[in-house]
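Participant: okay, structure incoming, though there's no sequence with it:
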Ligand SMILES: C[S@@+](CC[C@H](N)C(=O)[O-])C[C@H]1O[C@@H](n2cnc3c(N)ncnc32)[C@H](O)[C@@H]1O
């Protein structure tokens, strides 16, 4: 499997979803960022862009990255129609191949899972290094999947937040783990279906 397959797969996933005019943000981002002063944010695997739009409305300048041009083009159009086009830069990157430029006060990666090759440890390590001192990296992963997810592999292993942090091999003199926990939430899927799922939440702060 290569980048072309991954682009085709994710473009297909996004194109099959209705283009929501104002998608909601992830609750874990809202919990973390509601009290943070706005700055520069990077969102990895932005999907429908609900997080980027929520941050931009709060004054953040957001670089939102996805492998799918369907996703990034939709987000750019939504941002413009919602009046925050000047605060959202939607960029198409295969994070397996390239990482956006810049220094950030917040990097978030929500459910950055894919059936294709992606060295998440390398990507998240690059994200930690792209933080300004005092900046935070928020990684929210599936700890289980909903019945409507593309990933129904019964053998799937969901690394714990501590395992994810260990894979990043960050120098404790420069980065501190602020949160590493599992959390349950009610997820809503196609047609309004709901299911309880587990999230694995990791929050790392750059201290120096
Ligand atoms: C499960 S979705 C999560 C989307 C969004 N973060 C959310 O919380 O709804 C994973 C996202 O990562 C993107 N993605 C998958 N592989 C990628 C890669 N190699 N580089 C950049 N984005 C990728 C997909 O297109 C998709 O939008």
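Facilitator: Arrived safely. Quantities reported herein were computed from a predicted structural model and do not represent experimental measurements.

Participant: now check the worst-scoring helix or strand of the chain on mean pLDDT, is it near the ligand?
Facilitator: Taking mean pLDDT, DSSP states H and E as the measure, helix 3-16 is the helix or strand of the chain with the lowest mean score, a mean of 94. Yes: residues of helix 3-16 contacting the ligand under C-beta under 6 Å from any ligand atom: 6, 10. Every residue, glycine included, has its C-beta placed from N, CA and C.

Participant: so what touches that helix?
Facilitator: 47-48, 66-71, 74, 94, 96-97, 114-117, 150 (C-beta atoms under 8 Å, 6 or more residues apart in numbering).

Participant: quick one: that helix to chain centroid distance?
Facilitator: Relative to its chain's centre, helix 3-16 lies at 17 Å (C-alpha atoms, centre = their mean, to the nearest Å).

Participant: again, but for stretch 19-39
Facilitator: For stretch 19-39, the distance to the chain centre is 11 Å (C-alpha atoms, centre = their mean).

Participant: near the ligand, which residues of this structure show up?
Facilitator: Counting by C-beta under 6 Å from any ligand atom, the chain sits next to the ligand at 6, 10, 26, 45-47, 65-68, 71, 93-96, 110-114, 118.

Participant: any of these buried? List them.
Facilitator: Of the members of those, the ones counted as buried by neighbours, 16 or more other C-beta atoms under 10 Å, are 6, 10, 26, 45-47, 65-68, 71, 93-96, 110, 112-114, 118.

Participant: which stretches of the protein have low pLDDT?
Facilitator: 1-2 (pLDDT under 70).

Participant: residue nearest the middle of it, spatially speaking?
Facilitator: For the chain, the residue nearest the mean C-alpha position is residue 109 (2.5 Å; C-alpha atoms, centre = their mean).

Participant: burial count for residue 21?
Facilitator: Residue 21: 9 surrounding residues under other C-beta atoms under 10 Å.

Participant: isn't it right up against residue 77?
Facilitator: No: taking contacts as C-beta atoms under 8 Å, residue 21 lies outside contact range of residue 77: 9.9 Å.

Participant: quick one: contacts for the residue nearest to residue 95 when sequence neighbours are not counted?
Facilitator: Closest residue to residue 95 apart from its sequence neighbours, by C-beta to C-beta, 6 or more residues apart in numbering: residue 123 at 4.8 Å. If you count contacts by C-beta under 8 Å, 6+ apart, residue 123 has them with 44, 95-96, 99, 109, 112.

Participant: check contacts around the residue of the chain most remote from its centre.
Facilitator: Here the centre of the chain is the reference, and by C-alpha atoms, centre = their mean the most remote residue is residue 173, at 25.5 Å. For residue 173, the contacting residues are 207-208, by C-beta under 8 Å, 6+ apart.

Participant: export the contacts of residue 123 as TSV, with columns for secondary structure and distance to residue 15.
Facilitator: Converted to TSV, those look like this (DSSP: H, G, I helix; E, B strand; the rest coil; distance: C-beta to C-beta, whole Å):
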residue	secondary structure	distance to residue 15
44	strand	21
95	coil	20
96	coil	21
99	coil	25
109	strand	23
112	coil	20
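
Participant: helices along the chain, start to end?
Facilitator: Along the chain, the stretches classed as helices by DSSP state H are 3-16, 27-33, 50-57, 69-81, 120-129, 161-168.
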